[in-house]
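Engineer: pasting a predicted model and its sequence here:
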Amino acid sequence: MTIDERKPINTNIIQNVILENREKLTISGVNDVLSFDDQVIVLETELGLLTVKGENIRVNKLSIDTSEVILEGEISYLAYSDKNQEKQKNNVSLLSKIFK
């Protein structure tokens, strides 16, 4: 995806992502934790899906009241994706698996 292809982000939404020494990640504006294990965590945020990858990752704090999540572990990857793109990607891969 080039810079020109990126969608404008709604500036009314404030989300903070703070990574400390690649070991502690604090994220505000989290709506839901969609999936997690010790290597991959997928969060639904105000600005789209956020995928966090690494080793020995654990959810240290999850607050629905403040919409904040604190993760700890060896964090090596952070990426946002659009909710609709993720759903389409999962549907295509599921169909392709069925018809193989």
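Structural biologist: That came in fine, so what should we check first?
Engineer: quick one: average pLDDT of stretch 12-25?
Structural biologist: Mean per-residue pLDDT for stretch 12-25: 93.
Engineer: flag every buried residue along that stretch.
Structural biologist: By neighbour count on 16 or more other C-beta atoms under 10 Å, the buried set for stretch 12-25 is Gln15, Leu25. The way it works is simple: take the backbone N, C-alpha and C, and place the C-beta from them, glycine included.
Engineer: show me where this structure has strands.
Structural biologist: 17-20, 24-28, 30-36, 40-45, 48-63, 68-81 (DSSP state E).
Engineer: note down every partner strand of the fourth one and its orientation.
Structural biologist: Here strand 40-45 has these sheet partners by DSSP bridges: strand 30-36 (antiparallel), strand 48-63 (antiparallel).
Engineer: please work out which residues outside the first one touch it.
Structural biologist: Which is strand 30-36. Here strand 30-36 makes contact (C-beta atoms under 8 Å, 6 or more residues apart in numbering) with 41-46, 49, 57, 59, 62, 67-69.
Engineer: same question, the longest one
Structural biologist: Defining contact as C-beta under 8 Å, 6+ apart, one finds that strand 48-63 is touched by 17, 24-25, 27, 33-34, 36, 38-44, 68-83, 86.
Engineer: got the angle for it vs strand 68-81?
Structural biologist: 170 degrees (axes from the mean of the first three to the mean of the last three C-alpha atoms, to 10 degrees).
Engineer: got the CA positions of strand 48-63 in PDB?
Structural biologist: Coordinates of the C-alpha atoms in strand 48-63 are reproduced here as PDB (Å, rounded to 0.1, in the frame of the first residue of the first chain):
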ATOM      1  CA  GLY A  48      -9.000  -0.400  13.200                       C
ATOM      2  CA  LEU A  49      -7.600  -3.800  14.000                       C
ATOM      3  CA  LEU A  50      -4.200  -3.800  15.700                       C
ATOM      4  CA  THR A  51      -2.000  -6.900  15.500                       C
ATOM      5  CA  VAL A  52       0.800  -7.300  18.000                       C
ATOM      6  CA  LYS A  53       3.400 -10.100  17.500                       C
ATOM      7  CA  GLY A  54       6.300 -11.200  19.600                       C
ATOM      8  CA  GLU A  55       7.400 -13.800  22.200                       C
ATOM      9  CA  ASN A  56       6.000 -14.500  25.600                       C
ATOM     10  CA  ILE A  57       3.400 -11.700  25.300                       C
ATOM     11  CA  ARG A  58       0.800 -11.500  28.100                       C
ATOM     12  CA  VAL A  59      -2.000  -9.100  28.900                       C
ATOM     13  CA  ASN A  60      -1.000  -7.300  32.000                       C
ATOM     14  CA  LYS A  61      -4.000  -5.000  32.300                       C
ATOM     15  CA  LEU A  62      -7.300  -4.900  30.500                       C
ATOM     16  CA  SER A  63      -9.700  -2.100  31.400                       C
END
